[in-house]
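Asks: model this:
(chains A, B, C and D)
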Protein chains: 4
Amino acid sequence: MYNNAKEEFYDIAIRESSDLIDKIREHPFNVELMNNTLDYEKFKFYLQQDFLYVTDCTRALLIIAAKANDIEIMDKLTYVAVGTFATRNYYREHFADCDLSDNHRKSKSCSAFTDFFMRVAYHDSIAEGLAASYPCFCIYQIVIRHIVESGIAPNNRYQKWIDFFNTEMADNMIDDVTKIINRLYEKYSNDERKNMLEFFRNGLELELAFWDEMYYSNTLQNVSTANC
Amino acid sequence: MYNNAKEEFYDIAIRESSDLIDKIREHPFNVELMNNTLDYEKFKFYLQQDFLYVTDCTRALLIIAAKANDIEIMDKLTYVAVGTFATRNYYREHFADCDLSDNHRKSKSCSAFTDFFMRVAYHDSIAEGLAASYPCFCIYQIVIRHIVESGIAPNNRYQKWIDFFNTEMADNMIDDVTKIINRLYEKYSNDERKNMLEFFRNGLELELAFWDEMYYSNTLQNVSTANC
Amino acid sequence: MYNNAKEEFYDIAIRESSDLIDKIREHPFNVELMNNTLDYEKFKFYLQQDFLYVTDCTRALLIIAAKANDIEIMDKLTYVAVGTFATRNYYREHFADCDLSDNHRKSKSCSAFTDFFMRVAYHDSIAEGLAASYPCFCIYQIVIRHIVESGIAPNNRYQKWIDFFNTEMADNMIDDVTKIINRLYEKYSNDERKNMLEFFRNGLELELAFWDEMYYSNTLQNVSTANC
Amino acid sequence: MYNNAKEEFYDIAIRESSDLIDKIREHPFNVELMNNTLDYEKFKFYLQQDFLYVTDCTRALLIIAAKANDIEIMDKLTYVAVGTFATRNYYREHFADCDLSDNHRKSKSCSAFTDFFMRVAYHDSIAEGLAASYPCFCIYQIVIRHIVESGIAPNNRYQKWIDFFNTEMADNMIDDVTKIINRLYEKYSNDERKNMLEFFRNGLELELAFWDEMYYSNTLQNVSTANC
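Replies: Here you go, the predicted structure:
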C-alpha cells in the first residue's frame, strides 16, 4: 500500500485518519466557536495554551529547516517557521483580554503534543519530523474551511480568530508545507513512509486530546489546580 | 533558595517533591505488588510498557553521555545506559509469560513521559537532560527500599521484579547517577538549577501518571481500545 | 579573569584575539580587495565558497534559535538567520559571473570551519554555539569598517561586495548578535564562559585559514584538483 | 550504479576509494611503524591526537546508537562505542611515556576529522552518520592486515599498538559495524546511498590528512606552535 508512488502523502494520510479528522471537525469546541456559543473561558484557556504551543511548533520547524540538506526546503520551512511564530503577535493584538504570556504552565495535553513533535524533530529524519508536526497545519486548514462553508454566526466574538487562518496567505503557507511533505514522501524509503503516516496519526490523536482538554477541563482555575 | 551551594540537588529535589513521592510510594500498584495482591494483568501491562520505556531511557542517557564534555561523566553515563538497557533481558528471562516485545504500542502516559525526557535530552543541557530522566532512577530506589522495609509477602509472585532493583549493583548505579547530578547542580548557573528542579518535578508527575494508567486502565484490551 | 561580570564578552574576546584580528584585517585578500588589485579568480573562489558557507551559517543559527528557551533570543536569531541566508541572493544578483551554485564542492578550510560551528551548535549550549559562529559576524564588521575608513579605490570592482556589508541594516544585525552574546556571557557559569572564549578564538583561526586558502590557492583549477 | 542492491556498501565504498586506501596503506607513517623505523616523536604525537580522537569517535557512535530506531542496531553500536572508548585505557597502560591526556589541544587535522563526523552524526541520518565515521573502523582493519601480512620487524617497539588492533575481538567488532552499514545501505533511498558513499570518501580524505599531519609536522613543539 505504501509503495504506491502515485498517491501522495496528503491523500493517504487524510484518508487513513478520516475518523480522527471527523472528530476534530465536529468537536464541540469548534462547533460552538462557529456558532458563537463557546464559553469564553474555554477559548481563553485554548488561546493561552496555543500561544505556548506555537512557540514549540516554530522550534520544531526551525530544527527541521536546519536539518534539510535541500536548500529550497530549508528556505521555505524557515519562512513557515517565521509565519507560525507571527501567530503570537496576532493573538496578542486581537485578544488582549486573554492574558497571553509565556509564564503560563503548559497543560498536560499541550506538553504531550509539543514534546512529541519536538522529540521527532530532533530524533528522526526531516520527513518524519515534518509528518509529526503536520497536523498543526493541515487540521487548521480543514477546520477553518469547514467553519467558513458551514456559515459563521453574525457578530461572532471569535471572528478575529477565524479571520487569521482564513486568508490566502495562511492557506498558501499550509499548501507549501503540503507540497514539501508530499515531495519528501515520494523520495523516501518504505520504512520512513510508514513512520511518516504513523507519526501523522499520532500527532492528530494528540491534537484531538488537546481540544478535548481545552473543552472539557471546565475552568482555568480547575485545570491549573489539576496540574499542580 | 537555589543559591545554597551546600545543599545538594538530591536533597532539594526530594524535599520539594515529597508530595509526589509519597503518592508514588503509597500507590496501590506498589502496595499491592508488595502484598502480592496485584492483578497480574495490571502488572503485565506495566511490564510491557516499562519494556518500551527502558529503551527510550537508554536512548536519553546515550545522548546525554555523548553531549557530556566531562570525560568521566560521559564514561559513567554510558555504563548506566548499558545497565538500564539490560533490564530488558532480565524482564524477558524472568517474565516470559508477559508477552514482552517492541511491537506493543506505547500507552498515552508512557509516550508522554518518554517524549518529555527525550526532548529535554536533545534540546537542553546535560544537567537539565539528566534531571528530566532522574525520576526513572531515584524513584525506583525509594520505592524498592520502602517495599523491602515494609516487608514483602512470602511467595510473592513479584519477587523477581523486586530482586532486580534490590541489589547492590542497582543501588550503586543509581548512586552514581545521583553523584553526577549533584555535581552538575553545583557547577551550573541559577537559571539551569531552577530548570533542573522543575524538569525533575515534571518527570515525577509523568511517572505518577504512568503508574496511574497502569493501575486504573482495567485491562490491556480496554487500554488498547482507548488508544486507537 | 573570566569572573569580571562588568567586562563584556565582546571586549574580552576581541582583546584576547587581537593578534588574529590584525592578521585578518591586514590580510592581502582584504587589502587588495580594498585597493581593487585583487585577482578576480581569487575573489570568485572566495565568493563560491562563501556562498556555501552562508548556508551552513544559517543552519547553525536556526539550530541555536530553536534551542534558545528565551523567546526574545529565539526570535532575534531567527531573523539573523533569515538575513544571513539573504546574502546568497545578493551575491547571485550582483556577481552573476561568479558561477555561484550549491554544486561546488566545499574547500578544505570551508569544510573545517563550517563543520566546527555546526558541531558546536548541535553539541553544546546556545552560548557556546553562538560564540563559535560569532567570528562570521564580528570580523566582517571589523574588516568592512577598516576598509571604509582606509578609503576604497574609485571604480572598485568589489564595491558591490563592500556595499552589502556596509549598510546600517547589516551593522544593526551584527550589533544584535553582539548584544545577545554579551547577555549570555553574563548569565552563564565560568566553565561555559571559558568555552565561549575558546570557541570564538578557534572560529577566528578557521576564518583566517579560510582567507588564506582563498588567497594562496592560486586558481580554482588547482584547488579543486588538490581536493579530489 | 547506486541502485544495484546486490553489491554491498563495503565493496562499493572500498572500490571507489581505492586510491585513498592505497595511499594510507603505503603511508610512510604506517610503513615505518611496521619496520620499526618510525620516529618515536611522530608516534607520540599520533597517539596523543588519537587519544582525543577516540573520545569523539565514541561520542559519534553514542549519538548514532541513540538515534537508531532499530533496537538491535542501537544495542550493537552501544557496545562498539564502549569498545572504542576502551582504546584509551589500553593506550594509557601500554604507552605510559606518551603523555596521554585530555589537556592536549586537538591538531588541525584531528579537529577537521572529528568535527566532520560529529556534525554528520547530529545532522544527518544514522546511515550517513555511520558512513562518515566508518573510515575510523575499516581503515584500521585494512592497515593492520597489511602490516601483519607484510611482516613486522622483530622487537618492534610498536608491537603493542599493532597487537591491540590485531585481535579477533577488534576484528569482530569492525565486522559488526560493516554488517550494520551494509544493512542500512540496502534499506535506504538512492539519495542517502549517494551521501553515504560521499561521506565515507570525505572521511577517508580527512583520515589521510590526519596521518599526513602526524608524519610531516616534524615535532610536537613545532606543531603546537603552528596551532597557537
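
Asks: Leaving out sequence neighbours, find the closest residue to the residue positioned nearest the centre of chain A.
Replies: With distances taken as C-alpha atoms, centre = their mean, A:Cys136 lies nearest the centre of chain A, 1.5 Å away. Excluding the flanking residues, the one nearest A:Cys136 by C-beta to C-beta, 6 or more residues apart in numbering or on different chains is A:Cys57, at 5.2 Å. (Each C-beta comes from the backbone N, C-alpha and C, glycine too.)

Asks: any idea of the pLDDT on the one you found?
Replies: Looking at A:Cys57, its pLDDT reads 98.

Asks: helix or strand for it, which one?
Replies: helix A:40-67 (DSSP states H and E).

Asks: buried ones in the helix or strand following that helix?
Replies: Using DSSP H and E, the helix or strand that follows helix A:40-67 in sequence is helix A:71-94. Within helix A:71-94, the residues scored as buried using 16 or more other C-beta atoms under 10 Å in any protein chain shown are A:73-78, A:80-85, A:87-88, A:91.

Asks: hey, C-alpha coordinates of the next helix-or-strand element following helix A:71-94 in CSV?
Replies: For helix A:71-94, the following helix or strand on the C-terminal side (DSSP H and E) is helix A:108-123. Extracted C-alpha coordinates of helix A:108-123, given in CSV (Å, rounded to 0.1, in the frame of the first residue of the first chain):
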residue,chain,number,x,y,z
LYS,A,108,-0.9,18.1,30.1
SER,A,109,-2.2,17.7,26.5
CYS,A,110,-0.2,20.7,25.3
SER,A,111,3.0,19.2,26.8
ALA,A,112,2.3,15.7,25.4
PHE,A,113,1.8,17.1,21.9
THR,A,114,4.7,19.5,21.8
ASP,A,115,7.1,17.1,23.4
PHE,A,116,6.1,14.5,20.8
PHE,A,117,6.9,16.6,17.8
MET,A,118,10.0,18.2,19.3
ARG,A,119,11.4,14.7,20.0
VAL,A,120,10.7,13.6,16.4
ALA,A,121,12.2,16.8,15.0
TYR,A,122,15.4,16.1,16.8
HIS,A,123,15.5,12.3,16.7
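
Asks: what does helix A:108-123 contact?
Replies: A:49, A:52-53, A:56-57, A:59-60, A:63-64, A:106, A:128-129, A:131-133, A:136, A:199, A:202-203, A:206-207, A:209-210, A:212-214, A:227, B:108, B:111-112, B:115-116, B:118-119, B:122-123, B:202, B:209, D:67 (C-beta atoms under 8 Å, 6 or more residues apart in numbering or on different chains).

Asks: Run through the neighbouring helices and strands of the helix holding A:Cys57.
Replies: Contact partners of helix A:40-67 among helices and strands, from 3 or more C-beta pairs under 8 Å, 6 or more residues apart in numbering or on different chains; DSSP states H and E: helix A:28-35, helix A:71-94, helix A:108-123, helix A:126-133, helix A:190-216, helix A:220-227, helix C:40-67, helix C:71-94.

Asks: mean pLDDT for those: which is lowest?
Replies: Of all these, mean pLDDT reaches its minimum on helix A:220-227 (a mean of 41).

Asks: of all the residues in chain A, which ones are close to chain C?
Replies: Neighbours of chain C within chain A, by C-beta under 8 Å from any C-beta of the partner chain: A:55, A:58-60, A:62-63, A:65-66, A:71, A:74-75, A:78-79, A:81-82, A:85, A:102.

Asks: can you tell me how far the one residue in chain A that gets nearest to chain D sits from A:Arg105?
Replies: Using C-beta to the nearest C-beta, the closest approach of chain A to chain D is made by A:Ser189 at 4.8 Å. Computed with C-beta to C-beta, to the nearest Å, the distance linking A:Ser189 and A:Arg105 is 40 Å.

Asks: check contacts around A:Leu204.
Replies: A:Ser17, A:Leu20, A:Ile21, A:Ile24, A:Pro135, A:Ile139.

Asks: Then A:Val177?
Replies: Going by C-beta under 8 Å, 6+ apart, the list of residues near A:Val177 reads A:Leu77, A:Val80, A:Leu130, A:Tyr134, A:Phe137, A:Cys138.

Asks: Hmm, A:Phe200 and A:Ser17 touching each other?
Replies: Yes - the pair A:Ser17 / A:Phe200 is scored as a contact, 6.9 Å apart, by C-beta atoms under 8 Å.

Asks: the more surrounded of the two?
Replies: A count of neighbours by other C-beta atoms under 10 Å in any protein chain shown puts A:Phe200 above the other of A:Ser17 and A:Phe200, at 27 against 21.

Asks: Please report the distance of the more buried one from A:Ser133.
Replies: Counting by C-beta to C-beta, the gap from A:Phe200 to A:Ser133 is 9 Å.

Asks: Next: A:Leu33.
Replies: From A:Leu33 to A:Ser133 the distance is 23 Å (C-beta to C-beta).

Asks: Compare neighbour counts for the two and give me the winner.
Replies: Counted by other C-beta under 10 Å, A:Leu33 and A:Ser133 do not tie: A:Ser133 has more neighbours, with 31 against 23.
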